[in-house]
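Asks: sequence below, structure please.
(chains A and B)
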Amino acid sequence: MLKISDLKVTVDGKAILNGLDLDVGPGEVHAIMGPNGSGKSTLANVIAGRDGYEVTSGSVAFMGNDLLSMAPENRAREGVFLAFQYPVEIPGVANIALLKEGLNAARRHRGEPELDALDFLKLVREKLRLVEMKEEFLYRSVNEGFSGGEKKRNEIFQMAVLEPRLAVLDETDSGLDIDALKIVAGGVNALRSEERSVILVTHYQRLLDYIVPDRVHVLAGGRIVRSGDKQLARDLEERGYGWIDSSAGAATA
Amino acid sequence: MSAMEGHAAPYVEAQQGQAGELPAAGIAALDRSRAKALEALGERGLPSQRDEDWKYTSIKPITRSRFSPAAPGTDCPEDFVAAAAIENLDAWQLVFADGFYLPPRSKTNGLPEGVRVAGLADALTQNPQPIADRLGSAMGEIPHGFAAMNSAFVGDGALVEIAPGVQLEKPIELLFVSGCSGEGFLSLPRNLVILGEGSQASVIERHLSFSQERSLSNSLTEIILEKAAALDFCCVQDQAERTFHVGGLFARLAQSAKLKATTVTVGRAWVRNDARVNLDAERALVSLDGAYLAFGRSHVDNHTHISHNAPECTSRECYKGVLGDRGHAVFHGRIVVQPGAQQTDSEQSNQNLLLSANAEIDTKPQLEIYADDVKCAHGATVGQLDEAALFYLVSRGVDRETARRMLTQAFAAEVLEGVEPPALQTYLASRVSGQLSSAAAQVSAP
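Replies: I've put the predicted structure just below:
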């Protein structure tokens, strides 16, 4: 699904990712953990195609295609979805208007007909239930005046509507109370499938109690310094990041 | 060089040539006010950039050639009026061709008791005195040469008079079409809207161009709201590139009266608006808003002046502009809190979105406070589209151009959302989005 090789990225001339390798197969859930400043969010943003990140070497292949040469909107249409760490408030643009535009853009991209208003409404209503959101959220401006938890649920709701092949969740768990965390995790779990891969970028192990990952990677100093199964996340929770030697080689477990 | 020999001279001469034929000529009060306005036009001339209030607006495009006052009897074809109709808007409608009322094109049947809607010239001919007494009263001092010109020629336009206590259930639309007489004509409509005590009405003033002919539309509307009267007023300026529009909106509010006035400028015309609102008695409330688009080489200047003349009045003002290409906009908003106007509550904002490096906005919010127990806030912003919001939309699969348009439209939406009825709001939103699309198409065209 996603194959990242020797990825090096600088931001404002400062090296953030220093030769990152990552291979995510179809249907797999990978957790990327690491201390603050290790490059987790940079990785998420580079996959989504945000400006301001300069890729100095390496490659990212998505479904066998060169992801880095694609415009961000085409990445989305091909099935890449980023759940933002800090979802932006957009006054005056209704949630439903954004979803309709985004979904139909993807359908046109795939050569499918656009959904008519009725089918679209049926789809979004069904997905609203997944994240326990009220229908009025559809007609509110994107994230405007939403609480922290509502913003994160809205990200998962958008993901549910757009049905990506690869979802990157950038610290979706941060700032959530336990009830909101369960709803978000429930939404993600419901969307797990053979054809859909998920990258969970997180600082804490807590989320992984609810979304059980296939692989856990530790990112430090811009590289993956250790990989393992879900037990690795528990070890990190107990012992912190200190015991991980960032100079150590790649995956050892 | 005196003003008489300047740009105002042809208009002074033209007025002198037809003063005797203007409606209700010979009525002393009217003769006097026209003569006084003519004198003001002659002495002050047309404004120049040396005037502080015209610093950023050059009238050279207007004075390059002279305009002839249009004559009564000009028609505006039925199919033009039909095509211009606002979809799903159920309204009484008065149509004006180059400022002259066209009864056959208008729809005024079924007006309730206590509502008078007429051409101003007809009303002046029938019973001039009461109208002559009110004309100019909401304006007070003549602010500039164009207002003087309109007042010197005062003749036709719309008269809307609502009796005390009457609540109008449908809006009244005044549709002004300029350029009907051909190339180089001047229209001078004068409108008078009077709401009696406790009455309620909604008035739409819409300006269109008949064609691409060069025309000058010098329009002036006076609004008088008696005690506890409430008026919802929307002025739509949607004219073509070679139309020059000078608009005046002068309102006077009595105790507890409410005015909601929204001016929406789309189209490609050269536009200068002067809005002046006097809050004359306790608890009067005005909400003065505007949305303007300036694309291509268009020029839109909004000068507003709200005067709190009595205690406990409230004013809310929000003007939002979107500028692209070589568009130029000016905003000058003055709020004056007069001595004794305690417990004034006033907020003003002007926000601008600049989509091109060649667009220009000159904004000047101005607050003058001569009372001590007041709550006033004002501010102006000039900015570009929010890159974070743009990326958010694009990351959902929306192409960049559509994302830009969605955000731009959302920016203007704040002003449009307050417009009633819904059919008018929908129409305005579609005009704004249509213009943003065509501007985008021109940018991306080779």
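
Asks: can you pull out the helices in the chain?
Replies: I went with chain A, as the question did not name one. Per DSSP state H, chain A carries helices over the ranges A:40-48, A:72-78, A:95-109, A:117-130, A:136-139, A:148-162, A:178-191, A:230-239.

Asks: not quite, go with chain B.
Replies: B:9-18, B:28-44, B:60-63, B:78-83, B:120-126, B:128-134, B:145-152, B:387-394, B:400-416, B:422-444.

Asks: which one of those helices lies nearest to residue B:191?
Replies: helix B:120-126 (7.2 Å; C-beta to C-beta). Every residue, glycine included, has its C-beta placed from N, CA and C.

Asks: before we move on, back to that, in TSV, list the helices of chain A along with distance to residue B:186 and mean neighbour count.
Replies: Converted to TSV, these look like this (distance: least, C-beta to C-beta, whole Å; neighbours: other C-beta atoms under 10 Å in any protein chain shown):
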stretch	distance to residue B:186	mean neighbour count
helix A:40-48	57	23
helix A:72-78	50	23
helix A:95-109	43	20
helix A:117-130	48	15
helix A:136-139	47	14
helix A:148-162	55	22
helix A:178-191	65	18
helix A:230-239	78	16
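
Asks: quick check: chain neighbours aside, which residue is closest to residue 67?
Replies: You didn't say which chain, so I picked chain A. residue A:60 (4.3 Å; C-beta to C-beta, 6 or more residues apart in numbering or on different chains).

Asks: oops, chain B please
Replies: Sequence neighbours aside, residue B:186 is the residue nearest to residue B:67 in space, at 3.8 Å (criterion: C-beta to C-beta, 6+ apart).

Asks: closest one to residue A:214 among the helices of chain A?
Replies: Among the helices of chain A, the nearest to residue A:214 by C-beta to C-beta is helix A:230-239 (8.3 Å).

Asks: and residue B:70, how far from residue B:381?
Replies: Here residue B:70 is placed at a distance of 41 Å from residue B:381 (C-beta to C-beta, to the nearest Å).

Asks: more neighbours, those two?
Replies: More neighbours surround residue B:70 than the other of residue B:70 and residue B:381, with 25 against 11 (other C-beta atoms under 10 Å in any protein chain shown).

Asks: my read: the more buried one touches residue B:76, true?
Replies: No: distance between residue B:70 and residue B:76: 11.4 Å, which falls outside the contact criterion (C-beta atoms under 8 Å).

Asks: what is in contact with those two at once?
Replies: Shared contacts of residue B:70 and residue B:76 (C-beta atoms under 8 Å, 6 or more residues apart in numbering or on different chains): B:97, B:180.

Asks: what about residue 69, how many residues close to it?
Replies: All of this refers to chain A. With other C-beta under 10 Å as criterion, residue A:69 counts 9.

Asks: to clarify, I was referring to chain B.
Replies: For residue B:69, using other C-beta under 10 Å, the count is 22.

Asks: what's across from it in the sheet?
Replies: Under the criterion DSSP bridges, residue B:69 forms beta bridges with residue B:186.

Asks: for chain A, what are the nearby residues on the stretch 301-446 of chain B?
Replies: B:386-389, B:391-400, B:402, B:406-407, B:409-411, B:413-414 (C-beta under 8 Å from any C-beta of the partner chain).

Asks: what's around the closest residue to chain A within the stretch 201-350 of chain B, how many residues?
Replies: Proximity of the stretch 201-350 of chain B to chain A (C-beta to the nearest C-beta) peaks at residue B:320, 10.7 Å away. Residues contacting residue B:320 under the criterion other C-beta under 10 Å number 22.

Asks: mind listing what it touches?
Replies: Counting by C-beta under 8 Å, 6+ apart, residue B:320 makes contact with B:290-292, B:350-353, B:411-412, B:414-415.

Asks: ok, now residue B:388?
Replies: Residue B:388 touches residue A:88, counting by C-beta under 8 Å, 6+ apart.

Asks: leaving aside the residues next to it on the chain, what's closest to residue A:187?
Replies: Leaving out its chain neighbours, the residue that sits closest to residue A:187 by C-beta to C-beta, 6+ apart is residue A:156, at 4.1 Å.
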